[in-house]
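1. would you be able to build a 3D model of this:
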Amino acid sequence: MCRRVRQGYCQGLNPRPFRSLDGSCNNIANPTWGMSQTALNRLLPPRYADGLHSFPMSVSGAPLPNARLLSRTFFPDRDYENQEWTLVAMLWGQMASHDLALVPMVQIEQETGPSGGKEKETGPSGGKENKTGPSGGKEQETEPSGGKEQGTGLSGGKEQETGPSGGKEQETGPRTEGIQCCSDDGESILPAQLLHPACMPIYICREDRFYSAFSQHCMNFVRSMTTVGQDCKLSSAEQLNEVTSYLDLSPVYGSSKSTSDSLRTLYGGRLKASRYKGQQHLPSVQNKTSRCDVRNSSEACYSAGDIRVNQNPQLTVLHTILLREHNRVARVLCKLNPHWDDERVYQEARRIVIAEYQHITYYEWLSIFLASGMSVVSMTSKSQVDSLNSSKTNLSAGIFYCGNTGKVQMRAEDIVIKVGGGGGDYLEVTTRGLI
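-> Next comes the predicted model:
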């Protein structure tokens, strides 16, 4: 699918008081640059073996080296403790990374009905994948999301407060499943006749010091979803970015109107939250086993604007802090402007929290990693902004993962972590440890 914005649409929105949810019209001259559900940019041309989509080969024509072997050889485990930075330095970078890029993997959608299950390929959001790239693309003319929505004003509706497992989102539609390229026990790669076309499993040698302890010799690896290039012309496959390419807190608010609506109370401009011990927490997912790697429904699994919110508990805490900040700002705005409706309060609070987040990122977090004497101001481009494509490149977020490769432990010597109550206790103590 190739996304286009209807000609002249952005001009009618200029100047716009609030940024769109899907990143469209951020650049009036090039409205789809940086937009969600569009192709990532490239620094160099692709090197597909067939020029279209097949996995690249080495310059000698042989298969590329084993990825796990390269990781073990060049990036061995080393314990490194920094007396100046805490874990939050890495976590803030992870939030920014998730804000800029999400490349979905091919998944299988299971449709159940009277005739049984039916498979089709899809992305992580559950929508049907449009098989574009080498075989062609289907253009979709859209009007960007982020316009005024109908919601309950301040005089109506009631905010729902629930227990640890409350704040549930409604899940409908077909069920999606990840593609498996390894045997159930992880000991071997599936036979060729059983491998999905998107499978590229990684063999783990028996000398691997970590995985050999678990008798795992196959690492599941599925290729990314692809689309056509930003020019909508048929060419080699390009990887899809499911989120916007801007620092707009899409992990909190989402990159589409449907996601945004599902996270809102539609009252007082606030985001949905569950209540536990008088504190706000992220809303829980209804069908936890389909979204999270949990053993049963009593374990914690939360919902946010980004599907990676449950990747690690510390990241979940950062999401919780940002949710609380949005709702705090929304309450203040309601008191100062009682005549504003839900939509106005939500958008104004969103704009303020995004500004806080951008300021911290540019002037406090980024300065940690800049060389001595450098500043954000010195790196500002003097070029015409309209001519700079803001869409992220395939490796744009790669630098963020330098903080994820080592052994990192949270400093929480004075607390005892207890898991229970649907995750409430865990988040409570983890928050104290981070702050």
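
2. contacts, neighbours, all on C-alpha from now
-> Will do.

3. name the spans of the chain whose pLDDT lies under the cut-off.
-> Within the chain, the stretches with pLDDT under 70 are 1-9, 11-15, 109-177, 230, 371-373, 377-385, 396-435.

4. redo that, cut-off 80
-> 1-16, 28-29, 75-82, 108-177, 229-234, 289-291, 297, 369-388, 395-435 (pLDDT under 80).

5. what segments of it are helices?
-> Remark: helices assigned in the chain by DSSP state H are 67-74, 87-100, 250-253, 257-263, 288-291, 313-336, 342-360, 366-369, 424-434.

6. please identify the most buried of these.
-> Each of the helices of the chain was scored by mean neighbour count; the highest is helix 250-253, a mean of 24, by mean count of other C-alpha atoms under 10 Å.

7. how about the helices of the chain in JSON lines, adding distance to R206?
-> Shown next, in JSON lines, are those (distance: least, C-alpha to C-alpha, whole Å):
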{"stretch": "helix 67-74", "distance to R206": "11"}
{"stretch": "helix 87-100", "distance to R206": "32"}
{"stretch": "helix 250-253", "distance to R206": "39"}
{"stretch": "helix 257-263", "distance to R206": "44"}
{"stretch": "helix 288-291", "distance to R206": "31"}
{"stretch": "helix 313-336", "distance to R206": "31"}
{"stretch": "helix 342-360", "distance to R206": "45"}
{"stretch": "helix 366-369", "distance to R206": "38"}
{"stretch": "helix 424-434", "distance to R206": "36"}
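
8. quick one: closest of these to T32.
-> Proximity to T32, assessed across those by C-alpha to C-alpha, is greatest for helix 87-100 (15.0 Å).

9. give me the neighbour count for S188.
-> Per other C-alpha atoms under 10 Å, the neighbour tally for S188 reads 19.

10. typo on my end, S212
-> Neighbours of S212 under the rule other C-alpha under 10 Å: 14.

11. cool, P63 as well?
-> Summarising burial for P63: neighbours were counted as other C-alpha under 10 Å, giving 11.

12. any idea how far P46 is from the residue lying closest to it once chain neighbours are set aside?
-> Nearest residue to P63, sequence neighbours excluded (C-alpha to C-alpha, 6 or more residues apart in numbering): M57, at 5.0 Å. From M57 across to P46, the span is 12 Å (C-alpha to C-alpha, to the nearest Å).

13. could you export stretch 89-96 as CSV, CA atoms only?
-> C-alpha atoms of stretch 89-96 as CSV (Å, rounded to 0.1, in the frame of the first residue of the first chain):
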residue,chain,number,x,y,z
ALA,A,89,19.8,7.2,30.4
MET,A,90,19.3,4.1,28.5
LEU,A,91,15.6,4.0,29.0
TRP,A,92,15.0,7.5,27.7
GLY,A,93,16.9,6.5,24.6
GLN,A,94,14.7,3.5,24.3
MET,A,95,11.6,5.6,24.5
ALA,A,96,13.0,7.9,21.8
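
14. strands of the stretch 101-250 of the chain, residue ranges please.
-> Under the criterion DSSP state E, counting those that start in this stretch, the stretch 101-250 of the chain contains strands at 107-111, 118-122, 139-142, 175-178, 202-203, 218-219, 226-227, 238-241.

15. OK, contacts around the spatially closest residue to T244 that is not a sequence neighbour?
-> Nearest residue to T244 in three dimensions, chain neighbours excluded: S36, at 4.3 Å (C-alpha to C-alpha, 6+ apart). By C-alpha atoms under 8 Å, 6 or more residues apart in numbering, S36 lies in contact with 22-24, 241-245, 255.

16. in TSV, list the residues you listed along with distance to A101.
-> Below are those laid out as TSV (distance: C-alpha to C-alpha, whole Å):
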residue	distance to A101
D22	13
G23	12
S24	15
N241	6
E242	7
V243	6
T244	7
S245	6
S255	11
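
17. nearest to M374 among those residues?
-> The closest of these, once distances to M374 are taken by C-alpha to C-alpha, is S245, at 24.1 Å.

18. tell me if I'm right that S303 and V309 touch.
-> Yes: the criterion here is C-alpha atoms under 8 Å, and S303 meets it with V309 at 7.1 Å.

19. shared neighbours of the two, anything?
-> In contact with both S303 and V309: no residue, using C-alpha under 8 Å, 6+ apart.

20. of the helices of the chain, which is nearest V228?
-> That would be helix 87-100 among the helices of the chain, by C-alpha to C-alpha, at 19.6 Å.

21. about what we covered before: distance of the residue nearest to P63 from I202?
-> Distance, M57 to I202, by C-alpha to C-alpha: 15 Å.

22. with neighbour numbers in mind, choose between these two.
-> Legend: neighbour count by other C-alpha under 10 Å for M57 and I202, higher for I202 (20 against 15).

23. I'd say the more buried one and V222 touch.
-> No: using C-alpha under 8 Å, I202 is not in contact with V222; the gap is 9.9 Å.

24. relative to Q279, which of the contacts of S36 is nearest.
-> Using C-alpha to C-alpha, S255 is the member of the contacts of S36 that lies nearest Q279, at 26.6 Å.

25. now that closest one, nearest residue through space, not along the chain?
-> D22 (4.7 Å).

26. can you give me the neighbour number for that neighbour?
-> 26.
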